[in-house]
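Peer 1: next input, structure requested:
(2 chains)
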Number of protein chains: 2
Amino acid sequence: MNRKDFIKKSTAAGIGLSVVNPSFNLLRGSDDRVVRLGFIGVGGRGRGHLRGMLARDDVMINAICDISEVNAIQAQKMVHDAGKGKADLYTKGDNDYLDMVSRDDLDGVLISTPWEFHVEQSIAAMKSGKYVAVEIPAAITVQGCWDLVNVSEATGMPCMVLGNTSYQRDVLAVLNMVRQGLFGEMIHVQCGYQHNLLPVMIDENGNFGPGTPGEAAWRTNHYVHRNGLLYPDHGANSAGHFLDINRGNRYLKLSAMSTKARGLHNYIEERSDKDNSNRNVVFNQGDIVTAMLTTAHGETVLVIHDTTLPRGDNNKAFRV
Amino acid sequence: MNRKDFIKKSTAAGIGLSVVNPSFNLLRGSDDRVVRLGFIGVGGRGRGHLRGMLARDDVMINAICDISEVNAIQAQKMVHDAGKGKADLYTKGDNDYLDMVSRDDLDGVLISTPWEFHVEQSIAAMKSGKYVAVEIPAAITVQGCWDLVNVSEATGMPCMVLGNTSYQRDVLAVLNMVRQGLFGEMIHVQCGYQHNLLPVMIDENGNFGPGTPGEAAWRTNHYVHRNGLLYPDHGANSAGHFLDINRGNRYLKLSAMSTKARGLHNYIEERSDKDNSNRNVVFNQGDIVTAMLTTAHGETVLVIHDTTLPRGDNNKAFRV
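Peer 2: Prediction:
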């Protein structure tokens, strides 16, 4: 197969469709129906999704939920400015999303909240008969994964995990090349979530936690209490597609190791006052976590989580 | 530190000396003594070492051992052509090296035989009071490693493992940068032995084993019967230097996984007759073996063995 053939076939085959759950045709746009969405979580990430949805003629945004009224009003203004009317707001604390998902004028709910809320919010939405699209990681415990599967099967409602890197054009091109055999038999995949998130997780004064901006408000806390492959989806999702995981193949074994934790502590020290108590926080999450997996078909996969070490672009935040 | 300073300091510090066992001053050349060497194994690798030694004024080659008389005579001619007289030959089978190492006109023995002979030959040489330089892997069992250590300590004779990549100028430059703190605190090292050895291990007709040329005669057999990190030294030796392993730090845990084995079988099929029985050989060694290690100082090390998969340079052998 030469380059021209490959591009022609890629285009003709409509790459990417094959990896999307075929029952999730909410946004197919093949008829005149309009999809009515509610958003839970409209911080930086949620508003990014909102922008994407507002660009479509076949989508309405009827409701927006966020514990931050500032975020919610900002999102509401985006909807209004797009000529799509006035979305109702749900901003009364952690459980107000329950009122939103029970509305009968929503087809689907898009969830972009901190990781620890994904399972309960997805489950509530599915139980209310709503299609769910939930940010990654969809769950942070094995039980949470099973809860999502069980509720989806019991309610018949799909729960789409927004592993967006899997659907990038370059990654889908590689998937297409894999499926057309350009690499031969698959043997080994290496992937990871590897960039400097320090400026996202620590503010300019060395602070994090409630009251600090963006993901510093909640994400950094995971690095205090946990140690593992916190964000495996980028990378591992695509590796799974390449290897037909859950499409005839499956993972068999996993082994993971972690380094010591230095990056967050050093970064805080570099920009905080001497009496800042964050200097004494002991971070549990190692700077680099490496996991190896084997599959039933005999491949191995290497997955790396590496987000708290300085790099050449040390002072630039990676914005997702 | 800027680039100019770094280069100046690197040169001034005589980088590299610090990683060589200080007791192994056999080739220091700081006085007028001549070092008298014997070689065991003068295939491609051994003759490479011989060329290096023949370039020195302070080295004599008094004896050469190889089970192949052709190899031995070729090496003897190299010594003669270098104006260094006539080396005695030992070519009478697997145990003729014992007669060679018991000579009293040898200071050291350089061993470049198939892996499985390294331990017994090194031990015999040390027990005869000879300095030993032995190719990697110096041992292929844990017991073999201890045997080398124990005999070296009992006899007082050093056994230098020829992990040559550790002494390359580029690798020593990195070691110097590590020690001068240019990377900050060490967190994680990735390394490996990663290149296509298929043309070294299988001849043009899809054959290997006794009678085939070079390493195909013996190396490929390890891939039939074993499965592991067959050749960790390139890479892992340097990682150990970077992390002060056995200089205040040590490895704590190791986990390794292997892929299926496809490369050797496919390579044989592509170039052998249909009735070539090598097509039916089941190779145990996976194409890619990945190992993770943790250290007492909290770093992790990733070591990869990847030698039997085609690459862009598929038809070119990597010659060491």
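Peer 1: what segments of the stretch 201-320 of chain A are helices?
Peer 2: A:219-225, A:233-242, A:263-271 (DSSP state H, counting those that start in this stretch).
Peer 1: most tightly packed of those helices?
Peer 2: Of all the helices of the stretch 201-320 of chain A, helix A:233-242 has the most neighbours on average by mean count of other CB atoms under 10 Å in any protein chain shown, namely a mean of 23. For every residue, glycine as well, the C-beta is placed using N, CA and C.
Peer 1: where does pLDDT dip in chain A?
Peer 2: Residue ranges of chain A with pLDDT under 70: A:1-32, A:313-320.
Peer 1: quick one: the strands in it?
Peer 2: Taking DSSP state E as the test, the strands found in chain A are A:35-40, A:59-65, A:88-90, A:108-111, A:131-134, A:159-161, A:188-194, A:251-258, A:288-295, A:300-306.
Peer 1: make a markdown table out of these and add distance to residue B:93 and mean neighbour count.
Peer 2: Converted to a markdown table, these look like this (distance: least, CB to CB, whole Å; neighbours: other CB atoms under 10 Å in any protein chain shown):
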| stretch | distance to residue B:93 | mean neighbour count |
| --- | --- | --- |
| strand A:35-40 | 78 | 24 |
| strand A:59-65 | 82 | 24 |
| strand A:88-90 | 86 | 19 |
| strand A:108-111 | 74 | 25 |
| strand A:131-134 | 70 | 25 |
| strand A:159-161 | 65 | 21 |
| strand A:188-194 | 41 | 19 |
| strand A:251-258 | 45 | 16 |
| strand A:288-295 | 43 | 23 |
| strand A:300-306 | 42 | 23 |
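Peer 1: and the ones you listed as JSON lines, adding distance to chain B?
Peer 2: Converted to JSON lines, the strands of chain A look like this (distance: least, CB to the nearest CB, whole Å):
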{"stretch": "strand A:35-40", "distance to chain B": "37"}
{"stretch": "strand A:59-65", "distance to chain B": "40"}
{"stretch": "strand A:88-90", "distance to chain B": "43"}
{"stretch": "strand A:108-111", "distance to chain B": "33"}
{"stretch": "strand A:131-134", "distance to chain B": "31"}
{"stretch": "strand A:159-161", "distance to chain B": "26"}
{"stretch": "strand A:188-194", "distance to chain B": "4"}
{"stretch": "strand A:251-258", "distance to chain B": "4"}
{"stretch": "strand A:288-295", "distance to chain B": "4"}
{"stretch": "strand A:300-306", "distance to chain B": "5"}
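Peer 1: to residue A:271, which of these lies closest?
Peer 2: strand A:300-306 (21.2 Å; CB to CB).
Peer 1: quick one, the closest one and strand B:300-306 angle?
Peer 2: 150 degrees (axes from the mean of the first three to the mean of the last three CA atoms, to 10 degrees).
Peer 1: what's in contact with strand A:300-306?
Peer 2: Contacts with strand A:300-306, where a contact means CB atoms under 8 Å, 6 or more residues apart in numbering or on different chains, come from A:187-195, A:228-232, A:235-236, A:239, A:243, A:251, A:287-295, B:188, B:257-259, B:286, B:288, B:290, B:302.
Peer 1: repeat that for 6 Å
Peer 2: Strand A:300-306 is touched from outside by A:188-194, A:229-230, A:232, A:235-236, A:239, A:288-294, B:257, B:259, B:290, with contacts defined as CB atoms under 6 Å, 6 or more residues apart in numbering or on different chains.
Peer 1: then stretch A:64-74?
Peer 2: In contact with stretch A:64-74 (CB under 6 Å, 6+ apart) are residues A:39-40, A:42-43, A:75-76, A:87, A:89-91, A:96-97, A:100.
Peer 1: which one among those residues gets closest to residue B:208?
Peer 2: Set against residue B:208, the nearest of the contacts of stretch A:64-74 by CB to CB is residue A:43 (60.2 Å).
Peer 1: how much space between the residue nearest to that closest one when sequence neighbours are not counted and residue A:164?
Peer 2: Closest residue to residue A:43 apart from its sequence neighbours, by CB to CB, 6 or more residues apart in numbering or on different chains: residue A:71 at 5.7 Å. The spacing between residue A:71 and residue A:164, counted by CB to CB, to the nearest Å, is 20 Å.
Peer 1: of these two, which one has the most company?
Peer 2: Neighbours were counted for residue A:71 and for residue A:164 using other CB atoms under 10 Å in any protein chain shown; residue A:71 has more, 19 against 16.
Peer 1: on that earlier part again, in TSV, list the contacts of stretch A:64-74 along with distance to residue A:247.
Peer 2: TSV is the format used below for these (distance: CB to CB, whole Å):
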residue	distance to residue A:247
A:39	31
A:40	30
A:42	34
A:43	34
A:75	36
A:76	41
A:87	38
A:89	41
A:90	38
A:91	41
A:96	38
A:97	33
A:100	34
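Peer 1: among those, which one sits closest to residue A:213?
Peer 2: Distances from residue A:213 to those, taken by CB to CB, are shortest for residue A:43, at 9.4 Å.
Peer 1: what pairs with residue A:189 across the strands?
Peer 2: Beta-bridge pairing of residue A:189 under DSSP bridges involves residue A:301.
Peer 1: mind checking which of the strands of chain A is nearest residue B:202?
Peer 2: Residue B:202 sits nearest to strand A:188-194 of all those, at 20.8 Å, using CB to CB.
Peer 1: which elements pack onto the closest one?
Peer 2: Applying 3 or more CB pairs under 6 Å, 6 or more residues apart in numbering or on different chains; DSSP states H and E, one finds that strand A:188-194 contacts helix A:233-242, strand A:300-306.
Peer 1: quick check: residues of the stretch 151-300 of chain A near chain B?
Peer 2: Residues of the stretch 151-300 of chain A lying close to chain B (CB under 6 Å from any CB of the partner chain) are A:185, A:187-188, A:255, A:257, A:259-260, A:262, A:287-288, A:290, A:292, A:294, A:298-300.
Peer 1: how is chain A partitioned into domains?
Peer 2: With domains defined by automatic domain parsing, chain A comprises A:22-162, A:167-306.
Peer 1: could those domains go into TSV alongside distance to residue B:113?
Peer 2: Below are the domains of chain A laid out as TSV (distance: least, CB to CB, whole Å):
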stretch	distance to residue B:113
domain A:22-162	51
domain A:167-306	31
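Peer 1: which residues touch residue A:279?
Peer 2: Contacts of residue A:279 by CB under 6 Å, 6+ apart are A:268, A:269.
Peer 1: what distance do you get for it to residue B:150?
Peer 2: 48 Å.
Peer 1: residue nearest the centroid of chain A?
Peer 2: By CA atoms, centre = their mean, chain A has its centre lying nearest to residue A:136, at 2.7 Å.
Peer 1: so what's that residue up against?
Peer 2: Counting by CB under 6 Å, 6+ apart, residue A:136 has contacts A:163, A:233.
Peer 1: residue A:246 too?
Peer 2: Residues counted as contacts of residue A:246 (CB under 6 Å, 6+ apart): none.
Peer 1: what's the spacing between it and chain B?
Peer 2: The gap separating residue A:246 from chain B is 19 Å, by CB to the nearest CB, to the nearest Å.
Peer 1: how about that residue, phi and psi?
Peer 2: phi 70, psi 10 (degrees, to the nearest 10).
Peer 1: from residue B:101, how far out is it?
Peer 2: 59 Å.
Peer 1: same deal with residue A:197?
Peer 2: Distance from residue A:197 to residue B:101, by CB to CB: 58 Å.
Peer 1: what do you get for residue A:98?
Peer 2: For residue A:98 relative to residue B:101 (CB to CB), the value is 82 Å.
Peer 1: the two: which is more packed in?
Peer 2: Remark: of residue A:98 and residue B:101, residue B:101 carries more neighbours, 25 against 15, as counted by other CB under 10 Å.
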